[in-house]
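1. curious how this folds, go ahead:
(4 chains)
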There are 2 protein chains.
Amino acid sequence: MAELSIGEVARQAGIRTSTLRYYESIGLLPAPHRVSGRRRYDASVLQRLAIIRTAQQAGFTLGELRVLLEALIQGSAPAEEWQALLQHKLGEIEVMLTNIRRMKSLLEDMMRCEQDYLAECIYVVGLRHSSTEKIINHGNAKGAIHRTAPTEIENRRT
Amino acid sequence: MAELSIGEVARQAGIRTSTLRYYESIGLLPAPHRVSGRRRYDASVLQRLAIIRTAQQAGFTLGELRVLLEALIQGSAPAEEWQALLQHKLGEIEVMLTNIRRMKSLLEDMMRCEQDYLAECIYVVGLRHSSTEKIINHGNAKGAIHRTAPTEIENRRT
DNA sequence: GTAGCACTTCAAGTTCACTTGAAGTCAAGG
DNA sequence: CCTTGACTTCAAGTGAACTTGAAGTGCTAC
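-> Numbering: from 1, shown residues only, chains lettered A, B, ... in the order given. Below you'll find the model as predicted:
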């Protein structure tokens, strides 16, 4: 199978060459070999890019993806960390599915609002939808792990 | 119904006071009235915040949310724009549902990989999933979901 | 009356995921 | 030989969504 230039990969994957270089720079893509200084990609990179894009849509950050794909890149993965991340992300995906489904039905309800009573209708719709909410989003989105922001200064109860 | 200080709203909604001020500054929340300079919120703001959060999870940007909620804020909405945005977003949500479901099954398959053959297994899984279908991604080239909770594990790159 | 804390504003800083720009390299075609 | 165009690197810029910091105000408790 013919090898691809960065331009060809970009075109086929529907992204820019700069994105490919960026992905490589953050370790998300393995450095391809070179022919007179230029990158030559194996066609399999397209599969990886497809996974990356899907995963991004599913809420993965590129950092998380790097961890997840490290096994693929180098055959070296800290297995526990990896499993933990998977497990964690599966939980998040579950939450996201719930939220997206809810959002879908919220939008569908909004679509049915008549122009003249838009404000009232949306208010009612909003009420209906926010009253079903309670448990969904407190475990993992904001509450627990935040290394980069030790956040407890503000907002303390007396 | 008792009015809430910004601190109380923040605590109950699980966000920061700075976020509330920020939302107000970009017109996502209406400016509440004040008592000696301090914001006093009606409890209904919590419902709105719940909607905002769900919508964010569903891939709405704050800008889009502002347009969507303008009807609620002021009763004044450019109805066509509004409907168009709804319609467009419904399409995007459909795409996202598909991608998230796919990602879920990808992760589940990955979980089943045996430690010793992790790399090979993931490769096979990746192949299976990326060959299943062409990439679904029309209309918005960027991943829709950004602001998902960044997960702990990452960041030590050589 | 002063300590403490929650609040105020405004500007600047941060993270993520890229994008853009400048300056240079390389192979092919006219 | 010269141009064209796709490539190269590296640094700096962008936009979204917040966060942080500085400096000050106002209420309550001791």
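2. all contacts plus neighbour counts: C-alpha atoms, from now on.
-> Will do.
3. for DNA strand C, give me its nearest residue in chain A.
-> Of all residues in chain A, the one sitting closest to DNA strand C is A:Thr61 (3.2 Å; Cα to the nearest atom of the strand).
4. tell me the pLDDT of that residue.
-> A:Thr61 is assigned a predicted lDDT (pLDDT) of 92.
5. A:His129 too?
-> Confidence for A:His129, expressed as pLDDT, is 67.
6. tell me the spacing between the residue of chain A closest to DNA strand C and chain B.
-> Here the criterion is Cα to the nearest Cα, to the nearest Å. By it, A:Thr61 lies 7 Å from chain B.
7. kindly report the same for A:Ser36.
-> Counting by Cα to the nearest Cα, the gap from A:Ser36 to chain B is 25 Å.
8. before we move on, what about A:Leu20?
-> When Cα to the nearest Cα is applied, the distance between A:Leu20 and chain B equals 14 Å.
9. and the contacts of stretch A:14-22?
-> Taking contacts as Cα atoms under 8 Å, 6 or more residues apart in numbering or on different chains, the residues outside stretch A:14-22 that touch it are A:6-7, A:9-10, A:29.
10. helix, strand or coil for A:Arg40?
-> Judged by DSSP: H, G, I helix; E, B strand; the rest coil, the three-state class of A:Arg40 is strand.
11. my guess is it meets A:Gly7, correct?
-> No. Counting by Cα atoms under 8 Å, no contact exists between A:Arg40 and A:Gly7, whose distance comes to 9.9 Å.
12. regarding chain A, what is its longest helix?
-> Of all the elements of type helix in chain A, the one with the most residues (DSSP state H) is helix A:79-111.
13. quick one, that one and helix B:79-111 angle?
-> On the basis of axes from the mean of the first three to the mean of the last three Cα atoms, to 10 degrees, helix A:79-111 is oriented at 150 degrees to helix B:79-111.
14. looking at chain A, which helix or strand is least sure?
-> helix A:118-132 (a mean of 64; mean pLDDT, DSSP states H and E).
15. the regular element (helix or strand) spanning A:Ile51 - contacts with which helices or strands?
-> Taking DSSP states H and E as the criterion, A:Ile51 maps to helix A:45-57. Packed against helix A:45-57 by the contact rule (3 or more Cα pairs under 8 Å, 6 or more residues apart in numbering or on different chains; DSSP states H and E) you find helix A:6-13, helix A:62-74, helix B:79-111, helix B:118-132.
16. any part of the longest one near DNA strand D?
-> Just to be clear, that refers to helix B:79-111. No. Helix B:79-111 is not in contact with DNA strand D by Cα under 7 Å from any atom of the strand; minimum separation 13.8 Å.
17. does chain A sit close to that helix?
-> Yes. Looking at helix B:79-111 against chain A by Cα under 8 Å from any Cα of the partner chain, the contacts come from B:79, B:83, B:86, B:90, B:93, B:96-97, B:99-104, B:107-108, B:111.
18. buried ones among these?
-> The neighbour-count test (16 or more other Cα atoms under 10 Å in any protein chain shown) marks B:83, B:86, B:90, B:93, B:96-97, B:99-104, B:107, B:111 as buried among these.
19. which pLDDT does the model give A:Gly14?
-> According to the predicted model, the pLDDT of A:Gly14 comes to 95.
20. nope, A:Gly75 is what I was after
-> The confidence metric pLDDT takes the value 52 at A:Gly75.
21. got it, and A:Glu154?
-> What the model reports for A:Glu154 is a pLDDT of 36.
22. do A:Lys104 as well
-> Residue-level confidence at A:Lys104 comes out at 90, pLDDT.
23. pretty sure it is touching B:Ile93, no?
-> Yes. The pair A:Lys104 and B:Ile93 qualifies as a contact (Cα under 8 Å) at a distance of 6.8 Å.
24. kindly state the beta-bridge partners for A:Arg39.
-> Beta-bridge pairing of A:Arg39, defined through DSSP bridges, involves A:Arg34.
25. that one and DNA strand D, how far apart?
-> The spacing between A:Arg39 and DNA strand D, counted by Cα to the nearest atom of the strand, to the nearest Å, is 4 Å.
26. same thing with A:Leu46?
-> Separation of A:Leu46 from DNA strand D (Cα to the nearest atom of the strand): 15 Å.
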